[in-house]
Every structure is written in C-alpha cells, then in structure tokens.
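Asker: take this sequence and fold it.
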Amino acid sequence: MLNHFFDKYIFTNTLKYTHNNFFLVNLPFFIMPVDVMVSLAGNSDIEMHKKIYLSFKENTKANFLPRFKQMGVEQEKILMLVKTFFVASGWGNIEIIDNKLESKRAIVVLDNSPFVTELKGKVSLSVDVFLRGILAGLFSVVFAEDVDCVESECAALSGERCKFIIKPKTEFDLESKAVQEQLVLD
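Answerer: Numbers count the residues shown, from 1 in each chain. Predicted coordinates:
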C-alpha cells in the first residue's frame, strides 16, 4: 500500500510503470529525492527564483492542466484532484483555506513541506517557489484569469507554516518586500 490516492489507481490498473516511466492514467511523473531540488529552492538568487516561478506557472497552465482535461476531469474537480495528487506525492499537506471564485482570490497553506524540512533556518528567501508557480498556474485556469501567487509566510524563514496568497498581480502591495522578491513587476 502506497497511500489511499495512489492505491486506487494501482487497484484500477491506471497507475503504470512502462518503459522505465511512471504514468498516472496517462500523466507521466517521476519520483525524485528532495535533495536534488533543494539546491534550486535554497538558492538566494531572486531573479532565478522569479524565472523558476514563471516557468512553473506557464507550464502548469499550458501543459500540466490540459492533461487532466484530456483525462476527462471536469473543470470544477481539477483543483481538488491536483491538490490531492501533490499531497499524495509528498509535497506536504496542502490546504485551500479560502477560495473566492468571484473575486479571483485564494489562500492556500502548506504544512510539512519537504523543502522546509531541509532548508529551515538556512535560507534568506521563501523556498516553495515550485509550488508557488504551480498554484499560480492552477488558479489562473480555475479563475479563467491570470493571477499570481506570493508566499506570505514561509516556515523555512520564520513562519509556523507556509502561506500562499493568490490573486491578480494588480491587487498585491507592489511596495512589499515579499512581492518584489517573488513577482516580476515589469
């Protein structure tokens, strides 16, 4: 037994290992040690973090989420399926604590991030840059409008948990240090 999420796909024979690759239904994925990504997440180069964030955001919108639609997942269920997939895949416990479709805003919290575990007290920037980009891309699709994501609290720095604010870029305080470090403002 792996976990409840993956077990049902194993049971239905839709989690496969073919030609040295994992597939969940037809979605390719891989398992990798966190240490491989820690060097990127823990890097103090703000511009590199912004590039990673934008890359993950755009790829989530253009490539990752369309695969769920190809699998027949309805628009309303994509958000919960993606959340469950990432929790089951070891990204930590992700909880959507506020989701306002009409105002295109959301708040997501993360406990037990594997990046925080490795980097707590060793970094000067928020470390969940990968998840930030994924959340921005995911909610841009869910809200049908481009939104951004700022990690307003990071447990690797001093927070108790990681907290992500998702909303249109124009609604962020562009004078905030966290916003300036995490978003491309040009």
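
Asker: which residue sits closest to residue 68, ignoring its sequence neighbours?
Answerer: In space, and not counting its chain neighbours, residue 68 is closest to residue 78: 5.2 Å by Cβ to Cβ, 6 or more residues apart in numbering. Yep, even glycine has a C-beta here, placed from its N, CA and C like the rest.

Asker: can you pull the contacts of the one you found?
Answerer: Contacts here follow Cβ atoms under 8 Å, 6 or more residues apart in numbering; on that basis residue 78 touches 65, 68-69, 138, 141-142.

Asker: can you list the weak-confidence ranges in this structure?
Answerer: Along the chain, the model assigns pLDDT under 70 to residues 1-2.

Asker: residue nearest the centroid of it?
Answerer: Nearest residue to the geometric centre of the chain (Cα atoms, centre = their mean): residue 131, 2.5 Å.

Asker: any idea how far the helix or strand hosting that one is from the chain center?
Answerer: Per DSSP states H and E: residue 131 is located in helix 129-143. Distance of helix 129-143 from its chain centroid, counting by Cα atoms, centre = their mean, to the nearest Å, is 6 Å.

Asker: now residue 182, nearest residue through space, not along the chain?
Answerer: Nearest residue to residue 182, sequence neighbours excluded (Cβ to Cβ, 6+ apart): residue 150, at 5.1 Å.

Asker: relative to residue 37, how far out is the residue nearest to the centre of the chain?
Answerer: Note on residue 131: its distance to residue 37, by Cβ to Cβ, to the nearest Å, is 11 Å.

Asker: with residue 120 instead?
Answerer: 16 Å.

Asker: now do the helices in this structure.
Answerer: 4-11, 34-41, 46-59, 65-70, 75-88, 114-119, 129-143, 177-182 (DSSP state H).

Asker: can you tell me which of those is packed in deepest?
Answerer: The highest mean neighbour count among the helices of the chain, using mean count of other Cβ atoms under 10 Å, belongs to helix 129-143: a mean of 24.

Asker: kindly export it (C-alpha atoms) in PDB.
Answerer: Listed next in PDB are the C-alpha coordinates belonging to helix 129-143 (Å, rounded to 0.1, in the frame of the first residue of the first chain):
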ATOM      1  CA  VAL A 129       9.000  28.500  -5.400                       C
ATOM      2  CA  PHE A 130       7.900  25.400  -7.400                       C
ATOM      3  CA  LEU A 131       4.600  25.100  -5.600                       C
ATOM      4  CA  ARG A 132       4.000  28.900  -5.900                       C
ATOM      5  CA  GLY A 133       4.300  28.600  -9.700                       C
ATOM      6  CA  ILE A 134       2.000  25.600  -9.800                       C
ATOM      7  CA  LEU A 135      -0.600  27.300  -7.600                       C
ATOM      8  CA  ALA A 136      -0.400  30.500  -9.800                       C
ATOM      9  CA  GLY A 137      -0.900  28.400 -13.000                       C
ATOM     10  CA  LEU A 138      -3.600  26.200 -11.400                       C
ATOM     11  CA  PHE A 139      -5.700  29.100 -10.100                       C
ATOM     12  CA  SER A 140      -5.200  31.100 -13.300                       C
ATOM     13  CA  VAL A 141      -7.000  28.300 -15.100                       C
ATOM     14  CA  VAL A 142      -9.600  27.800 -12.300                       C
ATOM     15  CA  PHE A 143     -10.400  31.600 -12.200                       C
END
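
Asker: before I go, just wanted to say thanks for your time.
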